[in-house]
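[1] Below is the sequence, then the predicted model.
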There are 2 protein chains.
Amino acid sequence: MTPQFPLETRYWYLRDHQLFRHLNSAELRQICLITNFKSAKKSEIIYFAHDETNRVYLLKKGVIKIVELDAEGNETVKEVIQKGDLFGQITLDATDMDEFAVALSDYVTVCSFKIEDFETVIQQNPSLAVKFTKLIGLRFRRLENRYSNLMFKDVRTRLLLFLEEWAEKEGTPTPEGITLKNYLTHQDLASLICSTRQTVTQLFSELKHSGLIDYNRSSIVIPDVKQLRKLTA
Amino acid sequence: MTPQFPLETRYWYLRDHQLFRHLNSAELRQICLITNFKSAKKSEIIYFAHDETNRVYLLKKGVIKIVELDAEGNETVKEVIQKGDLFGQITLDATDMDEFAVALSDYVTVCSFKIEDFETVIQQNPSLAVKFTKLIGLRFRRLENRYSNLMFKDVRTRLLLFLEEWAEKEGTPTPEGITLKNYLTHQDLASLICSTRQTVTQLFSELKHSGLIDYNRSSIVIPDVKQLRKLTA
DNA sequence: GTCGGAATGTCGGCTTGCTGACGTTTCTGG
DNA sequence: CCAGAAACGTCAGCAAGCCGACATTCCGAC
């Protein structure tokens, strides 16, 4: 199966997640049996939706991006997935999507389940069912929020909101301000906030010149997040 | 409770929905007890999210629109809800939203559940849990689709796609072509496809002059849906 | 190191579709 | 049936931000 992950580790991996935390060890062991584990290094592709279809994934460690291919073969970054988030066929339907996932952090680990297996497990653990449903609900709200930003806010505001959220999630405080490890290119950012590479670059230099942020290729520093917040209210 | 709905009717109402169809009569009767029934006439407001919060609704009969209020008090139509669809706190969380629902068809009927009650029911009926999760998943995909349209398609295409979908869902074939009972104003349409009233009106007259559609205030006729499809590919 | 490709920086032109403005038509409640 | 409101029709002006183009900087593989 997955020899680099001894049973003990795998058991512990699942237990650590909020979805499974409340289960007893017999239930957990059962889920362990249907779980596939996998890891990858930076820039490696974790999965291709097209061939490894019909699986729900759970990001155990690291950060990844989901890239979507349209009919013309253009790649757009759909989403950044953080530790603990679900991805793949999270709607439990079998519609195939043209997307793949790329590791952004040095080392990532994912677990996955066939959707049929996962459904069976849910049937047997109603409390897990509720937890899962609520997780999907959260994702739904997140998407609703993005949609509404796209409707009502201009590109500048969307970028600022993205930075704020990013800072909140992953920022580490330093003497210079909140620091972000930057694993996204301007192109990536552009497709996440629905804009273009040039516009993002433009806005970034503007923000730098006005002193709101500082950045280079590998990191972004926000001296005062409150200043940003003022511009998005 | 709701005297205009005898128990027998209410029982049958629930049974008719795909979520509950597979349940036995004891289970159904139990759900009946926690269900609230309500009906309304055209233009009446079904619910205000702000005061009747924490409920999941299910549209039993008719068509309604969900209108969202932003901070400045502007109204935007978020969604059109059809018979059988869920609305309200479908994510089962308690975040309050500023939205309300208005009846678009002459007569609408809804059932609703407190989210806590609904959760309990789900816990007791794992198969219902899976069905519910999949329904939310479907809604998730629908929203994803709207988001991607907003990213990649211009207003004209979004309008055409909307019309196609509408025709597919509710169109009735007539000698002149597929006919739609039009319960949406141009303003409504505009906010649904994320545009403005004037642009929608403009596009409508263009489409009329080019013979792709015909319309008046109460109905829309699409002589040849295939013609529309050609323009959205 | 160095070479090639990827990422960033910058700019001007141009298009979409938004904004405001105003007139006409249709609906609705009294 | 009538008045007022709501919805529809149309147009000119304008701005956000996309697009193409090109230069520069950086990074990683060899």
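    Arrived safely, thanks for sending.
[2] what's the neighbour count on A:Glu170?
    Here the count is done by other Cβ atoms under 10 Å in any protein chain shown, and A:Glu170 has 16 residues near it. In this view, the C-beta of every residue, glycine as well, is placed from N, C-alpha and C.
[3] repeat for A:Ala26
    By other Cβ under 10 Å, 7 other residues sit near A:Ala26.
[4] Within the helices and strands, which one has it?
    Assigned by DSSP states H and E, A:Ala26 belongs to helix A:25-33.
[5] Now do the contacts for the single nearest residue of chain A relative to DNA strand D.
    Per Cβ to the nearest atom of the strand, A:Asp154 is where chain A lies closest to DNA strand D, at 3.0 Å. If you count contacts by Cβ atoms under 8 Å, 6 or more residues apart in numbering or on different chains, A:Asp154 has none.
[6] mean confidence for stretch A:40-59?
    Regarding stretch A:40-59, the rounded mean pLDDT is 89.
[7] Mind listing what's buried along that stretch?
    Neighbour-count burial for stretch A:40-59 flags A:Ala40, A:Ile46, A:Tyr47, A:Ala49, A:Glu52, A:Thr53, A:Asn54, A:Arg55, A:Val56, A:Tyr57, A:Leu58, A:Leu59 (criterion: 16 or more other Cβ atoms under 10 Å in any protein chain shown).
[8] likewise stretch A:141-161?
    Residues of stretch A:141-161 classed as buried by neighbour count (16+ other Cβ under 10 Å): A:Leu143, A:Glu144, A:Arg146, A:Tyr147, A:Asn149, A:Leu150, A:Val155, A:Arg156, A:Arg158, A:Leu159, A:Leu160, A:Leu161.
[9] quick one on the thing from earlier: show only the entries of the buried residues of stretch A:40-59 found in helices.
    Assignment to helices by DSSP state H places none of the buried residues of stretch A:40-59 there.
[10] that older thread, and the helix holding A:Ala26 with chain B, contact?
    No - judged by Cβ under 8 Å from any Cβ of the partner chain, helix A:25-33 makes no contact with chain B; its nearest approach is 13.5 Å.
[11] quick one: buried residues of that helix?
    So for helix A:25-33, counting by 16+ other Cβ under 10 Å, buried means A:Glu27, A:Leu28, A:Ile31, A:Cys32.
[12] any idea which of those is the one closest to A:Gln202?
    A:Gln202 lies nearest to A:Ile31 out of the buried residues of helix A:25-33, by Cβ to Cβ, at 48.4 Å.
[13] returning to that earlier point: from the buried residues of helix A:25-33, which is closest to A:Arg139?
    Checking those against A:Arg139 by Cβ to Cβ gives A:Ile31 as the nearest, at 21.1 Å.
[14] was I right about the closest one contacting A:Phe20?
    Yes - assessed by Cβ atoms under 8 Å, A:Ile31 is found in contact with A:Phe20 at 6.6 Å.
[15] What separates the first and last residues of stretch A:19-33, distance-wise?
    In stretch A:19-33, first residue to last residue: 16 Å (Cα to Cα, to the nearest Å).
[16] What of stretch A:101-116?
    First-to-last distance for stretch A:101-116 - Cα to Cα - comes to 22 Å.
[17] So stretch A:172-185, near DNA strand C or not?
    Yes - judged by Cβ under 7 Å from any atom of the strand, stretch A:172-185 and DNA strand C are in contact via A:Thr185.
[18] To what extent is A:Ser205 buried, counted in neighbours?
    Neighbour tally, A:Ser205, other Cβ under 10 Å: 11.
[19] Ok, the one 10 residues further on next?
    By other Cβ under 10 Å, the residues close to A:Tyr215 number 16.
[20] and whichever helix or strand A:Glu68 is part of with DNA strand C, contact?
    Assigned by DSSP H and E, A:Glu68 belongs to strand A:64-69. No - applying Cβ under 7 Å from any atom of the strand, one finds strand A:64-69 out of contact with DNA strand C, separated by at least 11.4 Å.
[21] Touching that strand from outside, list them.
    By Cβ under 8 Å, 6+ apart, the list of residues contacting strand A:64-69 reads A:46, A:75-81, A:87, A:97-105, A:108, A:110, A:184, A:188.
[22] now stretch A:8-23
    Residues outside stretch A:8-23 that contact it (Cβ under 8 Å, 6+ apart): A:2, A:5, A:25, A:28-29, A:31-32, A:35, A:37, A:58, A:60, A:84, A:109, A:111, A:125, A:127-128, A:131-132, A:135.
[23] which one's the longest helix in chain A?
    Across chain A, the helix with the greatest residue count (assigned by DSSP H) is helix A:126-152.
[24] relative to strand B:64-69, how tilted is that one?
    Here helix A:126-152 points in a direction 70 degrees away from that of strand B:64-69 (axes from the mean of the first three to the mean of the last three Cα atoms, to 10 degrees).
[25] tell me the contacts of the residue sitting nearest the centre point of chain A?
    Nearest to the geometric centre of chain A sits A:Ile81, at 0.8 Å (Cα atoms, centre = their mean). The contact partners of A:Ile81, taken as Cβ under 8 Å, 6+ apart, are A:Leu59, A:Val63, A:Ile64, A:Lys65, A:Ile66, A:Phe87, A:Ala101.
[26] can we see that at 10 Å?
    Residues near A:Ile81 by Cβ atoms under 10 Å, 6 or more residues apart in numbering or on different chains: A:46, A:57-59, A:62-66, A:87-88, A:101, A:104, A:108, A:110.
[27] Could you name every residue contacting both of A:Ile31 and A:Phe20?
    Shared contacts of A:Ile31 and A:Phe20 (Cβ under 10 Å, 6+ apart): A:Tyr11, A:Leu14, A:Cys111, A:Val121, A:Asn125, A:Leu128.
[28] Quickly check: the helix or strand containing A:Leu228 near chain B or not.
    Element membership for A:Leu228 (DSSP H and E) is helix A:225-232. No - judged by Cβ under 10 Å from any Cβ of the partner chain, helix A:225-232 stays clear of chain B, getting no closer than 12.5 Å.
[29] Give me the contact list for that helix.
    Contacting residues not belonging to helix A:225-232 are listed as A:149, A:153, A:156-161, A:163-164, A:167-168, A:171, A:177-178, A:207, A:210-213, A:222, A:224 [Cβ under 10 Å, 6+ apart].
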